[in-house]
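In: this is the structure alone, sequence omitted:
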């Protein structure tokens, strides 16, 4: 939750079912965070849902996920949903996303779209969510930042049952450095981000402006 009761991040879930491998029902494949930003005029949709490629399509990232079974999964086996959670992680609503995802050719970034955009955006607004706007201003070391997303709280049992739920989190930090290829690094101090935060927006002190996305988490 941000100042003024507004939300910045949504929870994005990827589900899969491989009938040829004997599966009968869809199961959770991965969970991540994401956020809405306006699309440019040439797109048929008004908004993009931005998230991490490695989270919604882990088979594209075999160095991250070397499990053999994952190479039997592809987009024809998956579908995506967007969830909004209350501050304690309890369920608020779920929206269907279109089955096609769009991936950057050399960055860990992907875009999804609401199946019913008009009604979906209206419902999100009623729940306190406003689409964010991009801020492309150059960042400097020690600039104040806020990392918005979801922490996965709960357990995965030995039989594979996943009882984790996404709980909204907002963690303060700052910009630390930028590489020559324009990739930014930030620090959250003693509060290390959890894996569920990947795909969440990185915000300035103006909580409606996004300057980046949590692409990966490094623990020292």
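Out: That came in fine, so what should we check first? All values reported here derive from a predicted model rather than from experimental measurement.
In: how far off centre is the biggest strand by length in the chain?
Out: Longest strand in the chain, counting residues (DSSP state E): strand 165-178. Remark: strand 165-178 is offset 13 Å from the chain centroid, using C-alpha atoms, centre = their mean, to the nearest Å.
In: in its sheet, which strands sit next to the helix or strand just after it, and in what direction?
Out: Next in sequence after strand 165-178, counting helices and strands by DSSP states H and E, comes strand 184-187. According to DSSP bridges, strand 184-187 forms sheet pairs with strand 165-178 (antiparallel).
In: show me where the protein has its strands.
Out: 10-16, 27-38, 47-51, 78-85, 91-96, 102-103, 110-112, 133-134, 144-153, 165-178, 184-187, 201-203, 209-213.
In: need the ones you listed in CSV (columns: mean pLDDT, distance to residue 69 and mean neighbour count).
Out: (Glycine included, C-beta is placed from N, CA and C.) Shown next, in CSV, are these (pLDDT from 0 to 100; distance: least, C-beta to C-beta, whole Å; neighbours: other C-beta atoms under 10 Å):
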stretch, mean pLDDT, distance to residue 69, mean neighbour count
strand 10-16, 95, 11, 23
strand 27-38, 93, 11, 21
strand 47-51, 95, 23, 24
strand 78-85, 94, 14, 20
strand 91-96, 94, 26, 14
strand 102-103, 94, 21, 13
strand 110-112, 96, 22, 23
strand 133-134, 88, 38, 12
strand 144-153, 92, 21, 22
strand 165-178, 91, 24, 18
strand 184-187, 89, 33, 16
strand 201-203, 94, 32, 24
strand 209-213, 89, 28, 20
